[in-house]
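> Need coordinates for the following:
(one chain, ligands or ions: 2)
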Amino acid sequence: MVRVRIEEIEEYARVNNVPIMLKDGIEFLTNYIKENNIKHILEIGSAIGYSAIKMALVDDDIKVTTIERDKVRYDIALKNIDDFNLNNRINIILGDALEIDIDEKFDLIFIDAAKSQYIKFFEKFDKNLISGGKIVTDNLSFHGLVEDDSKTNNRNTKQLVRKIRNYIDYLKKNENYETKFYELGDGVAISIKK
Ligand code: SAH
Ligand code: MG
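Ligands and ions are numbered 1, 2, ... in the order given. Sure, this is the predicted structure:
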């Protein structure tokens, strides 16, 4: 028996300001997983397990490994995953993704963690992606600030915007991948490994 509704997780995220994927973004991602018959997923940034659960629910034979460094969120994710009886298909790891080594190969890697470190995540986990595999990155719009950062004067925010622009440039120039950008959710990119 499932002991929690997905709407309750969405509500918890809203009330507690947990930045889970936006509705149209997660819908796009789960459709993509279905259409491309993706079965083996690595996620960087689990938060409270919302996107990992949504991805696992696409099909009974999908397996997700997901990494979260915040202990409080990790504990909530564990409970949510357990409430959905998905322990056998979602493996959540507590720790900093940049310090965790994984041997397995995946057909999709979802990067949804610290925006300042996107290039590092991309380069570190490239070895874990099969040829033809996909890297999906979230939050490339950063609430529209990447397109227009005159809406903020905050120095840290401006710095983050610069880092995201830099990552977008990096994706465009990366010849080992073919990247497409999608203006939905908070800005999503899909990079296909050649
Ligand atoms: N994918 C989730 C939302 C993730 S929010 C969903 O859509 O449901 C981003 C999360 O990444 C935060 O909880 C943050 O703690 C985590 N994070 C940021 N940097 C990280 C890192 N280096 N390693 C592991 N987790 C990280
Ligand atoms: Mg996100």
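> Quick check: closest non-adjacent residue to residue 149.
Nearest non-adjacent residue to residue 149, counting by C-beta to C-beta, 6 or more residues apart in numbering: residue 161, 4.7 Å away. C-beta: built from backbone N, CA, C; applies to glycine.
> Regarding residue 116, what is its secondary structure?
helix (DSSP: H, G, I helix; E, B strand; the rest coil).
> Can you name the residues that contact the residue lying closest to it once chain neighbours are set aside?
Nearest non-adjacent residue to residue 116, counting by C-beta to C-beta, 6+ apart: residue 163, 4.9 Å away. By C-beta atoms under 8 Å, 6 or more residues apart in numbering, the contact set of residue 163 is 115-116, 118.
> Number of residues surrounding residue 51?
24 (other C-beta atoms under 10 Å).
> so is the closest residue to it other than its chain neighbours in a helix, a strand, or just coil?
Excluding the flanking residues, the one nearest residue 51 by C-beta to C-beta, 6+ apart is residue 21, at 5.0 Å. Judged by three-state DSSP, the three-state class of residue 21 is coil.
> ok, now residue 192?
Residue 192 ends up strand, using three-state DSSP.
> Contact partners for it?
132-134, 177-179.
> Restricted to strands, list these.
132-134, 177-179 (DSSP state E).
> what about the closest residue to residue 22 other than its chain neighbours, how many neighbours?
Nearest residue to residue 22, sequence neighbours excluded (C-beta to C-beta, 6+ apart): residue 185, at 4.2 Å. Using other C-beta under 10 Å, residue 185 is surrounded by 19 other residues.
> Many thanks, we can stop here.
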